[in-house]
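Participant: Sequence and predicted structure below; questions after.
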Amino acid sequence: MFLQAVGHGMEPSFLGEVMGVARDFFKLPLEEKQKYSNLVNGNEVRIEGYGNDMVVSEKQILDWCDRLYIIVEPENRRIYSLWPTQPPSFRDILSEYTVRCRKIANLFLQNLAKLLDLHEDYFVNMFDENALTYARLNYYPNCPKPDHVFGMKPHTDASVITIVFIDDNVSGLQLQKDGVWYNIPILPNALLVNVGDVMEIMSNGFFKSPIHRVVTNAEKERLSLVMFYTMNPEKEIEPLSELVDEKRPRRYRKTTTNDYIAQLFETFARGTLAIDTVKI
Ligand SMILES: O=C(O)CCC(=O)C(=O)O
Ligand SMILES: [Fe+2]
């Protein structure tokens, strides 16, 4: 499930500021950005920080994309040493965006619960004080050979839900439906909201986590800011008992967010899908 939210209450001027600080960050000299590197001891890749994909094989084709990945919620899990100090307003603006996006996330979660005939706060209440929200800032430079490389390879998100904010003058995000790729049109100031794998698992396949990818563009660079809403990393994830019965047996194995995210990074680098590893 993928939708474009327009009446989300964030003013275009505020969204402009958000995209502005993201753009200013990526324009910094490489040495400055590398202060936030996702490499530990020069080789081991952690999720958080600035960099590119984890490399698992020599044949792997890296995505044409730079990214900065940071935990934004809960506040006590923020690693401020990985939060840019340039541009100076980066932290304040991302913090405000985090608060405002949470409202949209909760509204979406409430609507998903209602569609499943569950209490509207069913999903909202599953996010405890250790549930993590990751922000990922993606920067896709223009690419001289757009036919040779993706901005981001086909994947699904390991989140419960995801909110994507795309720079409003460059398309490039595509969605797979029945084996065909469709362009997601640009709607200025819209936020894209989609279901991630954890929601697919919990809903026992009622909601599908859409396969999507980003194509590169020869002329234009592109930016996006993605918020991934995940549960407490230790919490067990499985189809809700309310949604499993004889007619609709359980379709996914039990996992945890921790294990699943590790699985996602591995499968993403290999070009396969994490969700296939938990299907029964
Ligand atoms: O850049 C985009 O439009 C989407 C990026 C994305 O799918 C992701 O970061 O998971
Ligand atoms: Fe994604």
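Facilitator: Nice, I can see it. Residues are numbered from 1 along each chain as shown. Ligands and ions are numbered 1, 2, ... in the order given.

Participant: only C-alpha atoms for contact and neighbour calcs from this point on.
Facilitator: Fine.

Participant: Report pLDDT for the nearest residue to Val21 once chain neighbours are set aside.
Facilitator: Closest residue to Val21 apart from its sequence neighbours, by C-alpha to C-alpha, 6 or more residues apart in numbering: Phe90 at 5.5 Å. Note for Phe90: predicted pLDDT of 96.

Participant: Now do the contacts for Phe90.
Facilitator: Val21, Ala22, Pro84 (C-alpha atoms under 8 Å, 6 or more residues apart in numbering).

Participant: Tell me what the residue in the stretch 51-200 of the chain positioned nearest to ligand 1 is bridged to.
Facilitator: Using C-alpha to the nearest ligand atom, Leu173 is the residue of the stretch 51-200 of the chain that sits closest to ligand 1, at 4.9 Å. Beta-bridge partners recorded for Leu173 (DSSP bridges): Val214.

Participant: quick one: it from Lys33, how far?
Facilitator: Using C-alpha to C-alpha, to the nearest Å, Leu173 is found at 25 Å from Lys33.

Participant: thinking again about what came up before, nearest to Lys153 among the contacts of Phe90?
Facilitator: Closest approach between those and Lys153, by C-alpha to C-alpha: Ala22, at 21.6 Å.

Participant: Now for the closest one, which secondary structure element holds it?
Facilitator: If you go by DSSP states H and E, Ala22 is part of helix 12-27.

Participant: From the rest of the structure, what touches that helix?
Facilitator: 33, 84, 86-87, 89-90, 93-94, 97, 137, 139, 167, 189, 223-225.

Participant: taking the residues you listed one by one, which sit in strands?
Facilitator: Assignment to strands by DSSP state E places the following of these there: Leu137, Tyr139, Leu223, Ser224, Leu225.

Participant: Model confidence for Val56, exactly?
Facilitator: 61.

Participant: follow-up on the earlier one: which among the contacts of helix 12-27 are in contact with ligand 1?
Facilitator: Here is what survives when the contacts of helix 12-27 are matched to ligand 1 using C-alpha under 6 Å from any ligand atom: Ser224.

Participant: List buried residues within the contacts of helix 12-27.
Facilitator: Neighbour-count burial (16 or more other C-alpha atoms under 10 Å) is assigned, among these, to 33, 84, 86-87, 90, 93-94, 97, 137, 139, 167, 189, 223-225.

Participant: now the ones in strands among the contacts of helix 12-27 as TSV including pLDDT?
Facilitator: What follows is the ones in strands among the contacts of helix 12-27, written out as TSV (pLDDT from 0 to 100):
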residue	pLDDT
Leu137	96
Tyr139	93
Leu223	94
Ser224	95
Leu225	96
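
Participant: May I ask which two of those residues are separated the most?
Facilitator: Tyr139 and Leu225 (8.9 Å).

Participant: returning to what we had before: so, in contact with ligand 1 or not, the helix holding Ala22?
Facilitator: No: judged by C-alpha under 6 Å from any ligand atom, helix 12-27 stays clear of ligand 1, getting no closer than 12.6 Å.

Participant: So which bits of that helix are buried?
Facilitator: Buried, per 16+ other C-alpha under 10 Å, within helix 12-27: Leu15, Glu17, Val18, Met19, Gly20, Val21, Ala22, Arg23, Phe25, Phe26.

Participant: what does the stretch 151-280 of the chain put close to ligand 1?
Facilitator: Checking the stretch 151-280 of the chain against ligand 1 by C-alpha under 6 Å from any ligand atom, the hits are Asp157, Ile166, Leu173, Ser224, Val226.

Participant: show me what contacts the second one?
Facilitator: Meaning Ile166. Listed by C-alpha under 8 Å, 6+ apart, the contact partners of Ile166 are Leu191, Leu223, Ser224, Leu225.

Participant: gap between Leu240 and Arg78?
Facilitator: 30 Å.

Participant: more neighbours, those two?
Facilitator: Arg78 (16 against 12; other C-alpha atoms under 10 Å).

Participant: ok, that one - contacts?
Facilitator: Arg78 neighbours (C-alpha under 8 Å, 6+ apart): Ile70, Ile71, Val72.

Participant: ok, which stretches of the stretch 51-200 of the chain are strands?
Facilitator: Counting by DSSP state E, counting those that start in this stretch, the stretch 51-200 of the chain has strands at residues 66-73, 133-140, 150-155, 161-166, 173-177, 180-183, 191-195.

Participant: would JSON lines of these with distance to Thr272 be doable?
Facilitator: Shown next, in JSON lines, are the strands of the stretch 51-200 of the chain (distance: least, C-alpha to C-alpha, whole Å):
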{"stretch": "strand 66-73", "distance to Thr272": "21"}
{"stretch": "strand 133-140", "distance to Thr272": "21"}
{"stretch": "strand 150-155", "distance to Thr272": "8"}
{"stretch": "strand 161-166", "distance to Thr272": "20"}
{"stretch": "strand 173-177", "distance to Thr272": "14"}
{"stretch": "strand 180-183", "distance to Thr272": "17"}
{"stretch": "strand 191-195", "distance to Thr272": "19"}
